[in-house]
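[1] For reference, the sequence and a predicted model appear below.
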Amino acid sequence: MLRADQRISVSAAVSQVAASTGGLGRAVAEALAAEGASVVVAGRRGELAKEIAAELPEAVAVQADLSSPGGPQALVEAAREAYGDPDILILNGPGPRPGTAADLDTGDLASAVDLLLPAQQRLVALTLPAMRRRGWGRILAIGSSGIAAPLPGLALSNAGRAALAAYLKTLATEVAADGVTVNLLLPGRIATDRVAALDAARAEREQRLVAEVEAASKATIPAGRYGTPAEFGASAAFLCGAPASYITGTALRCDGGLVRSL
């Protein structure tokens, strides 16, 4: 049986969603809001964050660049001012540039880790103590299927996201007894603007039609289609809810079967 402090539902939670002015971050913010959570919408584009927050039942917008030294602190302070300490922390952010492993140098690897790990760790450090005191919290990172199966041409992303995953897996074991879960949600080919741009770039490189590139990509997915942002957001909302209290230290894939290993 769940302890009383484990029964916090998404509808009673304060959710802080990093990089949520578009793509998967926005999908997660919308899914949590639909479940009744109070949501902090954050991104470098302040006006867009305000527009998105205005469309949600209970939300505030924060302009924050997590790559800047004071970005994580500014985001957490704004969330506390609006709603108090977050119950749910969604980690999200941009990925490194494409590139092959053979062409990397030490500086490239350092920059990839610096982009993907320090800001996320700082957000955790700023929000975790309150979660542990309450005996309930959810930390969920939007990752990449490259963690499960490294993606060709994305060597920096594969390496940097693996470093973040290792940190979060270690953290999960340290805070599980405090009622705080730590998980990753790994997208496959989700129909976002980012995926559309990648398909268009590939079509240009290969001198093919975008429709041909999309068809070839869908042929590699057992489900036969791209996922929708709403499907990804719903998966995130589940992992953030009380019924998922016994799921921690896990990387869950939302990929239509794209990665062929278990």
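    Received, thanks.

[2] Distance from the chain centre to the helix or strand hosting Ala216, please.
    If you go by DSSP states H and E, Ala216 is part of helix 210-219. Taking Cα atoms, centre = their mean, to the nearest Å, the mean C-alpha location of helix 210-219 is offset from the chain mean by 25 Å.

[3] cool, and stretch 206-225?
    On the basis of Cα atoms, centre = their mean, stretch 206-225 sits 25 Å off its chain's mean C-alpha point.

[4] Can you give me the buried ones in that stretch?
    Neighbour-count burial for stretch 206-225 flags 213-214, 217, 221 (criterion: 16 or more other Cβ atoms under 10 Å). Every residue, glycine included, has its C-beta placed from N, CA and C.

[5] likewise stretch 237-248?
    For stretch 237-248, burial by neighbour count (16+ other Cβ under 10 Å) applies to 237-242, 244-245, 248.

[6] Who are the contact partners of the closest residue to Gly188 other than its chain neighbours?
    Nearest non-adjacent residue to Gly188, counting by Cβ to Cβ, 6 or more residues apart in numbering: Asp255, 2.6 Å away. Contacts for Asp255 (Cβ atoms under 8 Å, 6 or more residues apart in numbering) come out as 145, 186-189, 221, 227.

[7] Most widely separated two among those residues?
    Leu186 and Ile221 (14.0 Å; Cβ to Cβ).

[8] those strands in the chain, which residues are they?
    Along the chain, counting by DSSP state E, strands occupy 14-17, 38-43, 59-63, 88-91, 137-142, 180-187, 251-254.

[9] helices or strands next to the second one in the packing?
    Taking 3 or more Cβ pairs under 8 Å, 6 or more residues apart in numbering; DSSP states H and E as the contact definition, the neighbouring helices and strands of strand 38-43 are strand 14-17, helix 23-34, helix 46-55, strand 59-63, helix 71-83.

[10] re earlier: which elements pack onto the helix holding Ala216?
    Other helices and strands packing on helix 210-219, by 3+ Cβ pairs under 8 Å, 6+ apart, are helix 193-206.

[11] And the contacts of the helix it packs on?
    Helix 193-206 is contacted by residues 22-23, 189, 208-210, 212-214, 217, 226 when judged by Cβ under 8 Å, 6+ apart.

[12] Just the closest of those residues to Ala78, please.
    Nearest to Ala78 among the contacts of helix 193-206 is Gly22, at 19.1 Å by Cβ to Cβ.

[13] quick one: the closest one and Gly43 touch, right?
    Yes. Using Cβ atoms under 8 Å, Gly22 is in contact with Gly43, at 7.5 Å.

[14] These two: who's more crowded?
    Using other Cβ atoms under 10 Å, the more surrounded residue of Gly22 and Gly43 is Gly43, with 26 against 16.

[15] Now for the nearest residue to that one once chain neighbours are set aside, how many residues are close by?
    Excluding its sequence neighbours, the residue lying closest to Gly43 (Cβ to Cβ, 6+ apart) is Thr21, at 3.3 Å. A count of neighbours around Thr21, defined by other Cβ under 10 Å, yields 23.

[16] for Thr21, what are its contacts?
    By Cβ under 8 Å, 6+ apart, Thr21 lies in contact with 41-45, 48-49, 52.

[17] Arg97 too?
    Leu156.

[18] give me phi/psi at it?
    Note on Arg97: backbone dihedrals following degrees, to the nearest 10 are phi -70, psi 160.

[19] who does the residue nearest to the spatial centre of the chain bridge with?
    The structure's the chain has its C-alpha centroid closest to Ile142; by Cα atoms, centre = their mean the separation is 2.1 Å. Legend: beta-bridge partners of Ile142 under DSSP bridges are Leu185.
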